[in-house]
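K.L.:
please find the sequence and the predicted model below.
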Amino acid sequence: MSADALTSGGPVSSAGRDRRQVRKFPVKQVLGLAGILGFLGTWELIPRLGIINERFLPPASEVIVALVRDFGLTAFWIAVVETMTAWFLGLVIAVALAVLLGFVIGSSDFLRKATNSTVEFLRPIPSVALIPLAVLLFGVKIESSLMLITYAAFWQVLIQVLYGVADIDMVANNTAKTYGLGRMARIRYVVFPTALPYLMTGVRLAATVALVLAITAELVIGSPGLGREIALAQSGGAISGMYALVLATGLIGVLINAVMRFIEKKTLSWHSSVRSEVIV
Amino acid sequence: MQPDATPSPSGKTLPEAMLSVRGLKKVYQTDGGDIEAVRNLTFDLRAGELACLVGPSGSGKTTLLKCISGLMAPTEGEVLLDGKRVSGPPKKMAVVFQEYGRSLFPWMRVRENVELPLKNQGVAKAERDRLVDEALEAVGLAHVPRSYPWQLSGGMQQRVAIARAIAYQPEVLLMDEPFAAVDAQTRADLEDLIRTIWKKFGVTVLFVTHDIDESVYLGERVIILSSSPTVVQEDIVIDLPVDRDQLETRSLPRFTELRHHVYEQIQLAKKGHRPAAAGTVSAATTQAAPASRTDVA
Amino acid sequence: MQPDATPSPSGKTLPEAMLSVRGLKKVYQTDGGDIEAVRNLTFDLRAGELACLVGPSGSGKTTLLKCISGLMAPTEGEVLLDGKRVSGPPKKMAVVFQEYGRSLFPWMRVRENVELPLKNQGVAKAERDRLVDEALEAVGLAHVPRSYPWQLSGGMQQRVAIARAIAYQPEVLLMDEPFAAVDAQTRADLEDLIRTIWKKFGVTVLFVTHDIDESVYLGERVIILSSSPTVVQEDIVIDLPVDRDQLETRSLPRFTELRHHVYEQIQLAKKGHRPAAAGTVSAATTQAAPASRTDVA
Amino acid sequence: MKPLKTLGYVLALPVLLVLLWWASTLGAVNFFVPTPATLVAKFGEVWFGPRFFSDVLPSLGRLLVGVVAAIIIGVVGGVLIGSVKWLRALLEPTLEFFRAIPPPVLVPVLILLMGITDSMKVAVIISGCVWPVLLNTIEGVRAVDGVLSDSAHTYGIDGWARVRYLVLPSASPQIMAGVRQSLSLGLILMVISEMFASSSGLGFTIVQFQRSFAIPEMWSGIVVLGLLGVAMSFIFQWAERNILRWYHGQKEVENAA
Amino acid sequence: GSGSPSSTGGGSASAGATGGGDLTKVSVGVIPIVDCAPIYLGDKQGFFKDEGLQLDIQTATGGAAIVPGVVSGSFDFAFSNLISVMVAKDKGLDLKFVANGVSTTGEKGNDVGGVVVPAGSSVQSAKDLAGKTVSVNNLSNIGDTTIKSVIEKDGGDPGSLKFVEVAFPDAPAALANKQVDAAWILEPFLSKAVSEGGKIVSSNFVEMSPELDIAGYFTKTDTVKGKAELTAKFTRAMNKSLEYAQAHPQEVRDIVGTYTKIDEATRAKMILPRYRVEFNKDAFKTLGDAAAKYGTLTKAPNAGDLLP
Ligand SMILES: Nc1ncnc2c1ncn2[C@@H]1O[C@H](COP(=O)(O)OP(=O)(O)OP(=O)(O)O)[C@@H](O)[C@H]1O
Ligand SMILES: Nc1ncnc2c1ncn2[C@@H]1O[C@H](COP(=O)(O)OP(=O)(O)OP(=O)(O)O)[C@@H](O)[C@H]1O
Ligand SMILES: [Mg+2]
Ligand SMILES: [Mg+2]
């Protein structure tokens, strides 16, 4: 963040007396870009140096050219929209369900204990194993992808919410109790804010899992979207085209994370994790 | 004395007893063995009484307050509020916790923290605003309503917690060392504030403090706890005039006398001396033992 | 006065100055705008001096301590320790934080908490054990070494934090309202403990307190801060005998005089009065302004 | 009394659900949804035999190596990235990039880099289950209490000692949440890693059953996964109880009301 | 990328029809590979519309979704290789072919699939593969079944072979990096592998039987019985399409470009399969027997039950 924070993570350096400078110069974004460039550079070198044959892993530059070409195609954007629609719907359903169930289960010791074994049983079931069931129920349509996405993302959020609810500060909770806040009010005013950082991590995890699953479902089932485009490129031998699509997927991931970080910064400005980044 | 309450200390369970603690015992179970925090506490508080609770560090004052506010179930004995047994946080009771830093919600601004209990009760917006403004004004924090608690100094945080309790307009007010982190002048102001509120609304107040002068200046009664395992060491009526003044009252000879007496008792408590009656008091049915209630005059 | 230190207060930067705070200014940046916690602080502490810092709640005492301990960079001005500019936590400095409840490691037992800094320094086991035992004994907590901090009462937690600082044998000791949560008797004992340690090891101590009596009883010097935005309001030398006694010293007429003076100054500070020199003191180069240093005698 | 109660908690809901399933499969027969009886029969037939040694054990071995490696990488990386701001800024977008790449797409690249080997499969497992640990560790490290951190600083507890005594314990509740996520993800990725370039293993067998329409057998494999998940999570919860004794103790005592 | 195939298929529109209300909608699950060119061609030529059918071509990327899709009724008909359907039938799913899909060219060394070894490999013919590691796209399917039986015919020991699953697109790399000794590859990757120095040691389809049918269009037996008319219409249109495709190879190469991402140069060079109407019952039996023999099926299938 501040310039001297770059050289040491020490507390003094994070004191940010050159805050105004920081505003002008977005160190964070530039660093992030540098990281991505470093990665692309490495990728470029691997085939160029012959560590892996160029035929099988085309250099980054070639893939980027292919990606830029993709950007000009409506078909590409249609695929992106299809994938993102499935992603968004799946994620929203998963988060809504998980938050609801998480708070219900988390705030009751009985439910927590009684559901533990079942939750643990269901969680490790791979979504891919559910493909036949999904197709059986919904056919080769967005609903199949949705079911797989929801299933996979749901557990990520649920577990985080359960941990978050358990992390509540008892002094805060007692305070709320003595001021006559009922169960619902406490969930709203105490439990929810406490669990929020956990939830945000959960949503961030789930957002990517949902993306991964959206692509995978399209890839394996063949419902329309980026995943199917990848499969097509793969089975058509269009290697650069395939990596271009993979690159696009990764970029979507980066974008999703940026949005999530933004939301997190807005909603968690009071939390010490965000606090220590903002104030100093 | 409070005008509407009989000043006479009495050993009987008075019909107007607002708060009765009877044979209270609390044992904490830890993996290192059981810790008996409170052995046997019995005392009554009349409606509208202002009592101070003093006792050595670790004698179980916080524990007692938690039991009274229904946050913790006693191991033995019971707490009656208005004749009803307390089993969960009662309505119209406000507690100011010793850990003020953790009792404020870090995700809410100062104003929101103070407002929350009122909002939760469904108090109308205009009324709520008035109460919150008044409370913040009273604790001298009218200028920081939009700060987050962690942007405040320790003393300011503590005053937010006090403001929240005041704005709530409780019938029973429990305070656990509420002025520990504020400066002398503010402390004096807040002491007067508590007495004003008490006189105005007839609130029943139980006030934990380590400051002996404060306990004498503030209370109509001072309850002294022995060191752990805890019983009531002494129960003193403070017969100072109802209208008190920081300079005047504190320079009264009677003030100095009472102050001295409390100090001696606490020193006794620290040394492990226990009142004669403590062993014989048995739970629930026994009334506040007269032996442990002394007029020092 | 301490036997080995010249008692004369001086406006010059003394060669033996252990701690120099010069033109210190701290502004917190928040999304609600900047908050100027400290405007301009300049003072020196000689090696082996025991100074008390008093000031209204929110006047920036904690902020000052954080700057001195190198935990926070000042916005302007600087802190010199032994002639060197402080840029990170210096060696051999111990700080007792106001938020004692949050400064102990909840995953360590009491003993481990006290032992950790020594272990980290590579002190041998036997020596470590001795220091830890002594420190726990001194604060009256020898009986709970195997408890977790959250199993202790507030006052006990605070004493663990004090024990940790003592066991560490620092050269500079900063304490932020360390006795706020302990009872009067324990407080008196701890006050005497601090003075004993100070005399024995020649530690430089900066002690924040709200208790005016305490500041006069404990310190060789009392620095009074104005209310926010903060400057040094007064700097008083306490010319009481070095050997102090809770009963005797406190009943000296000089004690009462000093006490009164400090009280008045704080009330002035609260009312917003600022010392004449405050505006003219400029950062870094200026020495402790003589105008703000008064002998009350 | 106590073990009985625990057993009740563990079994009540599953038994209820199995009954429900049993009732709902009473009438109609669906090729893709077997009855509990068939499933139980197949389960014994399929998994109690040589397959246990030839398929299940090797897969479990890879799973274990993968998960342990992921946890180590996640915690070490998380502590580094969480405590060094510029490193976080540098790496975050790249990590997010990798996180978003679906394992099925990653597999061909890994095959190119590592060949068709066990380490490739382990790499697939790591590539998937490192994220929850990493992200949670980063968040946990960032959320270290300010006062506590200041205390450590003033006592000269820096560098490794700081990590050991302050950062790790204080982040451990979050780290544990991440580890718990990783365990089940590990099982899922074990299956995925065996979906490509493979010829044996638990995951492969399940996928093979699926492809050859041996549906009851496939479901029995899924039950194996579920049971493994439960077993792993119970072991984990036991370990967590011990590692986070202070944390649970604190919560519990305060919860005693 | 050359664009995504629209899931409703471009065909009916380009045939000039307005998609009137009297057309019956049929959804067909296909895999976007060269083998499925006839149905796209037929759709474009209007063969299905002539029968009163409006095609809804849905692409699924692999076998995982095809059979469940047919069983659940999301597809009326679907394309799959023979072994997959045999296996499903073997496990109790009542399926039946309604039209042929694709057959081997019957020319050794010039077929749509083959086992490739890298240049300089010691493997000369099928029997030398014994003891080697061979990649196939899916285990227990048409690839390993035919290869095993070819090796056995050639005098090698099929039991000593080790198969691993590698997808066709990744197979050339696996071969080049010596991760497998030999790879079973289909077009268009086969031509590519050969042009890059690979050597075909076995044209396993041809060697199994020069008349081998590889894949076909199938549906539930229920559909065949209950919707006999619809089935007959589909079969007629499909057969017409197969014949048309066989007669117009250049149109096949062109249309493949619309629903796959195979570039033009590759399309021009790749070997096309044979499209024909009739199933060869003998070859079917050979294949079924082999599958049963190597344990993919529990018993040899009955051609009469499965074929139209
Ligand atoms: N959660 C706990 N687990 C175990 N023991 C506890 C717990 N809380 C308090 N205790 C013990 O109970 C005793 C009384 O504690 P309590 O907090 O009630 O004291 P207190 O009178 O409030 O002290 P202080 O004035 O220092 O705040 C102490 O000995 C303490 O160690
Ligand atoms: N993190 C922060 N962000 C913004 N403002 C802060 C922050 N910390 C302290 N302040 C402000 O700085 C001022 C001084 O705070 P500080 O904690 O130093 O006071 P203090 O003298 O220690 O008070 P007390 O005696 O009540 O502890 C206060 O007005 C406070 O609101
Ligand atoms: Mg207490
Ligand atoms: Mg402070």
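P.N.:
Received, thanks. Ligands and ions are numbered 1, 2, ... in the order given.

K.L.:
just the element for residue 244, please.
P.N.:
Went with chain A since none was named. Assigning secondary structure by DSSP states H and E places A:Ala244 in helix A:239-267.

K.L.:
switch to chain E, that's the one I care about
P.N.:
helix E:228-247.

K.L.:
hang on, D:Pro173 packs against D:Trp246?
P.N.:
No: contact status for D:Pro173 versus D:Trp246: not in contact, 10.0 Å apart, counting by Cβ atoms under 8 Å. To be clear about C-beta, it is placed using only N, CA and C from the backbone, and glycine gets the same treatment.

K.L.:
what's the burial count for residue 252?
P.N.:
Answering for chain A, as no chain was given. Using other Cβ atoms under 10 Å in any protein chain shown, A:Ile252 has 22 other residues around it.

K.L.:
that's the wrong chain, I wanted chain E
P.N.:
Residues within reach of E:Val252, counting by other Cβ under 10 Å, total 21.

K.L.:
also B:Met175?
P.N.:
Per other Cβ under 10 Å, the neighbour tally for B:Met175 reads 23.

K.L.:
how about E:Val117?
P.N.:
E:Val117 - counted by other Cβ under 10 Å - has 24 other residues nearby.

K.L.:
give me the most central residue, chain D.
P.N.:
The residue lying closest to the centre of chain D (Cα atoms, centre = their mean) is D:Leu183, at 1.3 Å.

K.L.:
actually, chain E.
P.N.:
E:Ala215 (4.2 Å).

K.L.:
what is that one paired to in the beta sheet?
P.N.:
E:Ala215 has these beta-bridge partners by DSSP bridges: E:Asn81, E:Val102.

K.L.:
return the distance of it relative to A:Ala231.
P.N.:
Remark: distance between E:Ala215 and A:Ala231 (Cβ to Cβ, to the nearest Å) = 18 Å.

K.L.:
the residue nearest to the centre of chain E contacts E:Ser80, correct?
P.N.:
Yes: between E:Ala215 and E:Ser80 there is a contact under Cβ under 8 Å: 6.2 Å.

K.L.:
thinking again about what came up before, and D:Pro173 and D:Trp246? which has more neighbours close in?
P.N.:
More crowded of D:Pro173 and D:Trp246, by other Cβ under 10 Å: D:Pro173, with 22 against 18.

K.L.:
so which strand or helix has the nearest residue in space to that one that is not next to it in sequence?
P.N.:
In space, D:Pro173 comes closest to D:Tyr247 once its chain neighbours are excluded; the distance is 5.4 Å by Cβ to Cβ, 6 or more residues apart in numbering or on different chains. Using DSSP H and E, D:Tyr247 sits in helix D:245-255.

K.L.:
repeat for E:Val116
P.N.:
Taking DSSP H and E as the definition, one finds E:Val116 inside strand E:113-117.

K.L.:
what about that strand, near chain A?
P.N.:
No: figure legend: strand E:113-117 not in contact with chain A (Cβ under 8 Å from any Cβ of the partner chain); closest approach 14.2 Å.

K.L.:
so what are the sheet partners of that strand and their directions?
P.N.:
Applying DSSP bridges to the sheet, strand E:113-117 is found paired with strand E:182-186 (antiparallel), strand E:199-202 (antiparallel).

K.L.:
which residues are in contact with the shortest one?
P.N.:
What that stands for is strand E:199-202. Here strand E:199-202 makes contact (Cβ atoms under 8 Å, 6 or more residues apart in numbering or on different chains) with E:109, E:114-119, E:121, E:123-126, E:128-129, E:147, E:150, E:154, E:182, E:190, E:194.

K.L.:
residue 70 - how many residues pack around it?
P.N.:
Looking at chain A here, since you left the chain open. Using other Cβ under 10 Å, A:Asp70 has 21 neighbouring residues.

K.L.:
that answer is for a different chain, and I need it for chain E
P.N.:
26.

K.L.:
tell me who's in contact with B:Phe179.
P.N.:
By Cβ under 8 Å, 6+ apart, the residues touching B:Phe179 are B:Gln158, B:Thr186, B:Arg187, B:Leu190, B:Glu191, B:Thr209, B:Asp211, B:Glu214.

K.L.:
where does it land in three-state SS?
P.N.:
With DSSP: H, G, I helix; E, B strand; the rest coil as the basis, B:Phe179 sits in coil.

K.L.:
so how far is C:Gly60 from A:Thr42?
P.N.:
As defined by Cβ to Cβ, A:Thr42 lies at a distance of 50 Å from C:Gly60.

K.L.:
quick one, which of these two is more surrounded?
P.N.:
Between A:Thr42 and C:Gly60, counted using other Cβ under 10 Å, C:Gly60 has the larger neighbour count: 26 against 10.

K.L.:
touching chain E at all, the helix or strand hosting A:Val95?
P.N.:
Per DSSP H and E, A:Val95 falls inside helix A:74-106. Yes: counting by Cβ under 8 Å from any Cβ, chain E has neighbours in helix A:74-106: A:Ala75, A:Phe76, A:Ile78, A:Ala79.

K.L.:
mark which of those are buried, thanks.
P.N.:
Neighbour counting by 16 or more other Cβ atoms under 10 Å in any protein chain shown classes A:Phe76, A:Ile78, A:Ala79 among the residues of helix A:74-106 next to chain E as buried.

K.L.:
let's have these in TSV, adding distance to B:Glu220 and pLDDT.
P.N.:
Output for those, formatted as TSV (distance: Cβ to Cβ, whole Å; pLDDT from 0 to 100):
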residue	distance to B:Glu220	pLDDT
A:Phe76	81	87
A:Ile78	80	89
A:Ala79	79	89
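
K.L.:
filter these by proximity to chain B?
P.N.:
Among these, no residue sits close to chain B (Cβ under 8 Å from any Cβ).

K.L.:
make TSV out of these and add distance to D:Gly77.
P.N.:
What follows is those, written out as TSV (distance: Cβ to Cβ, whole Å):
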residue	distance to D:Gly77
A:Phe76	34
A:Ile78	37
A:Ala79	33
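
K.L.:
looking at these, which one is closest to chain B?
P.N.:
Using Cβ to the nearest Cβ, A:Ala79 is the member of these that sits closest to chain B, with 40.3 Å.

K.L.:
the closest one contacts A:Glu229, doesn't it?
P.N.:
Yes: using Cβ under 8 Å, A:Ala79 is in contact with A:Glu229, at 4.9 Å.

K.L.:
give me the number of residues near the residue of the stretch 151-280 of chain A found nearest ligand 1?
P.N.:
Here the stretch 151-280 of chain A gets closest to ligand 1 at one residue, A:Met170, 9.8 Å apart by Cβ to the nearest ligand atom. Using other Cβ under 10 Å, the number of residues around A:Met170 comes to 20.

K.L.:
any idea how far it lies from chain D?
P.N.:
Note on A:Met170: its distance to chain D, by Cβ to the nearest Cβ, to the nearest Å, is 3 Å.
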